[in-house]
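>>> generate a structure from the sequence data that follows.
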Amino acid sequence: MLKGFQRPVRPVGGGTKRWLPVREEEPLETGALNRILEHNVGDFTAVLEAGVPFAEAQRTFAEHGQRIAWDPPDPGGATVGGIVATADSGPLRHRYGGVRDLVVGINVVLSDGTVAKAGGKVIKNVAGYDLAKLFAGSFGTLGLIGSVAVRLHPLPERTASVVIEHHNPDQLLEEVLTLSRRPLEADKFDVTWSGGHGRILLEFSGASAVDQAGRVGQVSDVDWGEVRGLQRGAVVVKVSGRPTDLPKVIRAADDHSGTLVSRAGLGLTWIALQSADSVAAIRAELAPRHCTVLDGADTGQWPQDVPGHVVMERLKARFDPARIFRPGSFVGGI
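Model prediction:
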């Protein structure tokens with residue numbers, strides 16, 4: 001067992017999540033945890049320490065025609081641990097699932113110095129309590145992620161994208177639902193909206209990518225880095241709902257001069273605003289959907305009355321009874 005922590009701490013990787021509210025916690029840097037411990041090319045798995053820069057890991061895996069199928073916004077320097085801790089995702093979530101779906105094992109350090117391990121480094125390993133799913137999206141409030149074992153996927157040799165323009169939110173939804181019912185194998189399926197103008201964006205990969213895209217529409221160039229960038233801004237509200245909520249969410253963004261990007265088939269949307277003045281109104285307009293403030297989250301980051309809050313409190317008490325890791329910063333002041 002390592003020596004326990006004596007004062008409140010805040011895990012810090014590459015510093016790309018500085019939009020999180022900062023209190024008086026002492027920074028706990030993970031920069032020295034920067035090794036790719038294993039890359040099992042034949043098994044399509046890898047074990048990485050939490051401080052490994054994400055872009056560096058992707059370059060290493062690309063040399064073998066592989067990748068981690070995550071593509072969150074990365075202004076430069078995002079680490080594997082930071083991505084897991086915030087469950088940050090991008091357009092590839094449509095096909096490959098969220099961050100937690102690709103983590104098959106995890107090592108964590110708790111506030112009393114205990115090192116806990118769950119899962120393993122093979123895809124079908126089910127041993128132990130699934131700490132990976134618990135720590136993914138915990139925002140550093142339960143303990144320090146030391147290393148993760150992840151599932152890898154082939155790096156596509158060819159991709160092709162399609163853009164479908166729309167100016168009416170209801171008609172846009174109709175097309176989204178129509179496309180969702182078709183047997184498409186899209187890697188990405190996003191909607192963007194700004195100033196009364198919407199776009200449905202799809203990307204296909206593999207040898208038949210162009211043919212697949214051609215069945216949907218005209219093959220077009222899409223700057224997917226720009227699409228991911230719509231998830232960041234002065235103030236960003238993440239809305240968790242249903243795909244059919246899209247017109248209502250679009251109108252809320254328009255009413256408050258916001259821009260929007262949505263994982264159309266999953267009901268997840270990011271609204272970027274110029275200031276936090278509109279957050280309360282957007283929450284009221286979109287209730288009971290959960291609206292979490294990401295960028296610009298000085299106060300009121302989490303929605304009220306989150307289901308399972310009592311369970312979250314118990315988990316915090318179990319994993320961090322001394323309230324060392326970012327105390328008071330999670331849902332309901334956990």
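>>> and the longest helix along the chain, how far out from the chain middle?
Longest helix in the chain, counting residues (DSSP state H): helix 169-181. Taking the mean of its C-alpha atoms, helix 169-181 sits 24 Å from the chain's own mean (CA atoms, centre = their mean, to the nearest Å).
>>> now the angle between helix 169-181 and the next helix or strand after it, please.
Next helix or strand after helix 169-181 toward the C-terminus (DSSP states H and E): strand 188-194. Strand 188-194 and helix 169-181 are oriented at 170 degrees to each other (axes from the mean of the first three to the mean of the last three CA atoms, to 10 degrees).
>>> run through who's touching strand 188-194.
91-92, 94-95, 161, 169, 172, 176, 179-180, 198-203, 224, 227, 230, 246, 250, 253-254, 259-265 (CB atoms under 8 Å, 6 or more residues apart in numbering). Where you see a C-beta, it was placed from the backbone N, CA and C, and this is true even at glycine.
>>> of those residues, which belong to helices?
Checking those against DSSP H, those in helices are 94-95, 169, 172, 176, 179-180, 224, 227, 246, 250, 253-254.
>>> of those - the most surrounded one?
residue 253 (27 neighbours; other CB atoms under 10 Å).
>>> hang on, the earlier thing: closest one of the ones in helices among the contacts of strand 188-194 to residue 214?
residue 179 (14.2 Å; CB to CB).
>>> distance check, the spatially most central residue of the chain against residue 261.
Among the residues of the chain, the one closest to the centroid is residue 88, at 2.0 Å (CA atoms, centre = their mean). Going from residue 88 to residue 261 by CB to CB, to the nearest Å gives 14 Å.
>>> likewise for residue 251?
Relative to residue 261, and taking CB to CB, residue 251 is found at 16 Å.
>>> so between the two, which is more surrounded?
residue 261 (27 against 15).
>>> list the contacts for that one?
Residue 261 sits in contact with 190-192, 227, 230-231, 269-270, where contact means CB under 8 Å, 6+ apart.
>>> pLDDT for those residues - can I get that in a markdown table?
As requested, the contacts of residue 261 are exported to a markdown table (pLDDT from 0 to 100):
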| residue | pLDDT |
| --- | --- |
| 190 | 98 |
| 191 | 98 |
| 192 | 98 |
| 227 | 97 |
| 230 | 96 |
| 231 | 95 |
| 269 | 98 |
| 270 | 98 |
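>>> now flag whichever of those residues is closest to residue 140.
residue 231 (19.5 Å).
>>> list the contacts of the closest one.
72-73, 90, 261, 270, 272, 294.
>>> is residue 66 in contact with residue 153, as I believe?
Yes: with contact defined as CB atoms under 8 Å, residue 66 reaches residue 153; the gap is 6.9 Å.
>>> anything in contact with each of those two?
residue 44.
>>> out of the two, which sits in the busier spot?
Using other CB under 10 Å as the criterion, residue 66 and residue 153 rank with residue 66 on top: 19 against 16.
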